[in-house]
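> quick check, what structure comes out for this input:
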Amino acid sequence: MPLLNVFDISGSAMAAQTVRLNTTASNIANAQSVAENPEDTYRARHPVFAQQLASQMQSGDLQQGAQQTFSGESWGAGESGVQIQGIVESEAPLQMRYEPEHPHANDEGYVAYPNVSVVEEMADMISASRSFQLNVEVLNTAKTLAERVLSLGQ
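Model (predicted):
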């Protein structure tokens, strides 16, 4: 794998973790929000990621790409790494809490709160933050290796 691909892969992973951190922060910020109508209540959102090589596997180009790599040619920038496919809303049921005095309570006295688990979101935020930090370390290591390779010629 060419050294420059490490920067592309790590950079795309850092971008993916940034999206993950942003959606997690949004989920936590809206964890206690309610709406008059349960259909309008906030639902937890989660990013969907995929490897960019997965598209090559389906189209049959992976074998050709592997032959190029083994023969010393690079795959080119942007063909390896993490792809953000989108953000989906959770299908989990809303949290119904009995609060008959709440202004948004239904006829039975229940209020629909978002399907956000703050504990799970905090764990996800810690995981995304650590993944981002690890990718920064990968970039720093690749930079150090590139500097050492360049200094060999002196």
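> packing partners for the helix or strand encompassing residue 147?
Secondary-structure assignment from DSSP states H and E places residue 147 in helix 118-152. For helix 118-152, the elements it packs on are helix 3-29, judged by 3 or more Cβ pairs under 8 Å, 6 or more residues apart in numbering; DSSP states H and E. The C-beta positions use only the backbone N, C-alpha and C, and glycine is treated the same way.
> quick one: buried residues of the helix it packs on?
5-17, 19-21, 23-24, 26-28 (16 or more other Cβ atoms under 10 Å).
> where does this protein dip in pLDDT?
1-3, 53-79 (pLDDT under 70).
> quick revisit: show me which residues of the helix holding residue 147 are buried.
Quick answer for helix 118-152 (16+ other Cβ under 10 Å): 121, 124-125, 128, 131-132, 135, 138-139, 142.
> how far away from the center of its chain is it?
Distance of helix 118-152 from its chain centroid, counting by Cα atoms, centre = their mean, to the nearest Å, is 14 Å.
> does the nearest residue to residue 115 once chain neighbours are set aside count as helix, strand or coil?
In space, and not counting its chain neighbours, residue 115 is closest to residue 92: 4.2 Å by Cβ to Cβ, 6 or more residues apart in numbering. The three-state assignment at residue 92 reads coil, by DSSP: H, G, I helix; E, B strand; the rest coil.
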